[in-house]
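Asker: Would you be able to build a 3D model of this:
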Amino acid sequence: MANGDTRVRGLAARAGGWSARHRWAAVGIWVLFVVLAMGLGSAAGRVDVKDSDQLKGETHTAAKIIEDAGIDEPAGETVLIQSKDGGVKATDAEFRAAVTAVVRAVEGTGEVTDVTSPYDTDTISKDGRSALVQFDIRGDAETAGERVEPVLKAVEEVQKEHGSLRIEEIGGASMMKTFDDAFGDDFKKAEYSAVPVALGILLIAFGALVAALLPVALAVTAIMATMGLMGVVSHVMPMSETANSVMLLVGLAVGVDYCLFYLRREREEREAGHDAQTALRIAAATSGRAIVVSGVTVCVAMAGMLFTGLAEFEAMGLASLMVVAVAMIGSVTVLPALLSLLGERVEKGRIPFLRRRRKGGNGDSRFWTAVLKGVLARPVISVVVAAGALLAIAAPALGMKTQNLTLDQEFGDSLPIVQTYNRVNDAFPGGSEPAEVVVKADDINAPAVRDALAAFKAEAVASGASRGPVEIKLHDQQNMAFVYVPLVGGSDLDKAGESLDKLRDEVRPATLGKVEGVEAPITGQVAGSKDFNDQLTGAVVPVFAFVVVFAFALMLLSFRSLTIAITSIVLNLLSVGAAYGILVGVFQHGWGASLVGAEGVGAIITWLPLFLFVILFGLSMDYHVFVVSRIREARLRGRTTKDAIQHGVVTTAGVVTSAAVIMVAVFAIFGTLSMQSMKQMGVGLAAAVLIDATIIRGVLLPAVMALLGERNWYLPKWLHRLPDLTHDESPEPVARPVARDDEGERLGV
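Answerer: The predicted structure is shown next:
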């Protein structure tokens, strides 16, 4: 066998070579980096996104005014008292006795303040069957869920004494406690189970414990280092719990993928007859380079989130970008060092029932060899069928409806508190989530301001935006007032949004807007949803343009082929479109919704389409770069384009399949959560990765490349001046003739 020592070029090859020669130093530097990052992050602490920075528009203005005034809004709670059969009215003695009992019970806990009776605030429904006792939980609203239990128990005791009435509590604190009890461990369980799932699949893929542990170890250490870095960086750009969860998902996915690509290539070269040193050098120059190209592309895609102007998205984007960069660096530095240290011991811990392995080093997949034979024999039919199927799957996305999910959409009827939420909304439309007008004036008690507040209260009902009651809370010391307006439409965000527009565009200008020096931004759940939608809609075009243009440029520079760059973008857009179609079909139209527990949702959570686009566009480039790199490598060694396609797809099929199965399994775990937003994210990601690894990479990509033939490597002469970032030269001598075009010039592959 020929193990020639040929010079290689490229960052990945040089990094891998240095690490293999200085293996203990490389491992030591990596461990030191992880420990230092975690230590610095722990010392610095993490700064999370403030409520006032979450959104732009009026919601942001209102939160900023409240924050600057130093007002800590307490967690508000409501007790619904309702006749079960309609026989008891609010005017009856039994009903009055129940109201009095509730007021005394909640006051007796010592945990509440500002308790109001429905007979004082007129919070009695029009039919007289329902009434609301309202109060606030003492202390910080963020931790109110930890103190509300005695109040909930007190209300339960009153319920036991009044069987003909329905007495139920709902509010910020009680919902917080209910969700923490029901779903608090949901995310942790999902996150913790992701690693064992990935390890199990890797054990099957490699058949050896040591080989399976390496990718998981690298991914976990990359995640640990990034968690530390997030703490440091958060002092410049605040982070969040959501960003932490997304970082873990992305870090595990790319960390395992990158190691898998590298490790599989190194094993393949050793099985082909190369010694350990040469096999490692080939893996560094080929898979290592593909990892760098893929990693940079994923980082660029994640950076697209920084253009949304939404603090939560910016935190997710930066956290994801960091973990991808750390995993990429670890894959091309510490992994070669570990493989050099382990040598043949990487095969230790063989699983008995997985002992049989294919010999000969060809790495071909029998299944994909059979599929490719048909695809390459009939590329036109393959393109038409595959593209047609994907377009058909994507078609429902044209009617996509996005909104922030209401409580009943998010959790269905699985929790009693959701039923209470619906009852409150039925009896008092908009009462459970009223619009909040934050009024700031030079003198809140000035006659003009008082008159304007009274006029606003009356006009809100007269305009049809609210049915009342409209409540005003004064903060004399801060010269502020909070006006709570139940919106007509209730939990129907479309109708409630129309009511909000009336308040903002008609009622406010005609009342509060006429008083000089008065600020009156309108916030609340409906307002927050609208402002978020508006901000996100404005961010779609710049984010899409940034991700697509920069991904195109990176592919053009990495492969020096205009054709490859264009087809890469088109195929990735098809993959994302198909994922959108599946989401709309399942969660909006309810096709097969019962299979994933998503009945009756009727909409896609607002942030998901843009989030999915960025994540999927980045992750799908992993497979694309890896497969096309292998095809290009075979073409460079003198194979015909058709043979190169066959070789590239079938030899990478095993690793792409293993990587895809891991991603699908991890994302599918999140698809089992009870929250519909997380379920949508998990199903969307899992479906897209599955489509990407099968239809796109296994059928459409080879069929398109087969149709294009030598035009795959086309680069206009006016682009020849672009920087040359093409594939590192193969570190093994090549006996085949150099590929040339029809005019005898060497192909720029």
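Asker: Look up how far residue 714 lies from residue 24.
Answerer: Distance from residue 24 to residue 714, counting by CB to CB, to the nearest Å: 46 Å. Where you see a C-beta, it was placed from the backbone N, CA and C, and this is true even at glycine.
Asker: Of these two, give the one with the bigger neighbour count.
Answerer: Neighbour totals were compared for residue 24 and residue 714, and residue 714 leads with 17 against 10 (other CB atoms under 10 Å).
Asker: Please name every helix or strand in contact with the helix or strand hosting residue 62.
Answerer: In this structure, residue 62 sits in helix 57-69 according to DSSP states H and E. Counting contacts by 3 or more CB pairs under 8 Å, 6 or more residues apart in numbering; DSSP states H and E, helix 57-69 is packed against helix 51-54, strand 435-440, strand 522-523, helix 525-559.
Asker: So what angle separates the directions of the helix or strand just after the last one and helix 525-559?
Answerer: The C-terminal neighbour of helix 525-559 among helices and strands, as given by DSSP H and E, is helix 562-583. Here helix 562-583 points in a direction 150 degrees away from that of helix 525-559 (axes from the mean of the first three to the mean of the last three CA atoms, to 10 degrees).
Asker: So for the residue in the chain sticking out farthest from the centre, what's the pLDDT?
Answerer: The C-alpha centroid of the chain is most remote from residue 93, which lies 53.0 Å away (CA atoms, centre = their mean). Per-residue pLDDT puts residue 93 at 88.
Asker: Could you report the distance from it to residue 157?
Answerer: For residue 93, the distance to residue 157 (CB to CB) stands at 20 Å.
Asker: And the strands in the chain?
Answerer: For the chain, the strands defined by DSSP state E occupy 75-83, 112-116, 130-137, 165-171, 402-403, 435-440, 471-475, 480-485, 522-523, 604-605.
Asker: in the stretch 601-749 of the chain, what spans have low per-residue confidence?
Answerer: Filtered on pLDDT under 70, the stretch 601-749 of the chain yields the residue ranges 724-749.
Asker: what's the answer for the stretch 401-550 of the chain, then?
Answerer: Filtered on pLDDT under 70, the stretch 401-550 of the chain yields the residue ranges 413-414, 430-432, 491.
Asker: Quick one: residues contacting residue 284.
Answerer: Neighbour list for residue 284: 8, 12, 13, 15, 16, 17, 20, 332, 336 [criterion: CB atoms under 8 Å, 6 or more residues apart in numbering].
Asker: Ok, residue 682 next?
Answerer: Contact analysis of residue 682 by CB under 8 Å, 6+ apart lists 667, 668, 669, 670, 671, 672, 673.
Asker: same question, residue 300
Answerer: Counting by CB under 8 Å, 6+ apart, the residues that residue 300 touches are 547, 550, 551, 554, 618.
Asker: Quick check: of the residues you listed, which has the highest neighbour count?
Answerer: Within the contacts of residue 300, neighbour counts (other CB under 10 Å) peak at residue 618, which reaches 28 neighbours.
Asker: That one contacts residue 305, doesn't it?
Answerer: No: Residue 618 lies out of contact with residue 305 (CB atoms under 8 Å); the separation is 10.3 Å.
Asker: Which residues are in contact with each of those two?
Answerer: Shared contacts of residue 618 and residue 305 (CB under 8 Å, 6+ apart): residue 320.
Asker: if we can go back for a sec, now, among the contacts of residue 682, which is nearest to residue 71?
Answerer: Distance ranking of these against residue 71, using CB to CB, places residue 673 first at 34.7 Å.
Asker: Measure how buried the closest one is and give me the count.
Answerer: Residues near residue 673, counting by other CB under 10 Å: 18.
Asker: Hmm, residue 679 and it touching each other?
Answerer: Yes: between residue 673 and residue 679 there is a contact under CB under 8 Å: 5.8 Å.
Asker: hmm, back to that, closest to residue 170 out of the helices and strands packed on helix 57-69?
Answerer: Proximity to residue 170 (CB to CB) singles out helix 525-559 among the helices and strands packed on helix 57-69, at 13.6 Å.
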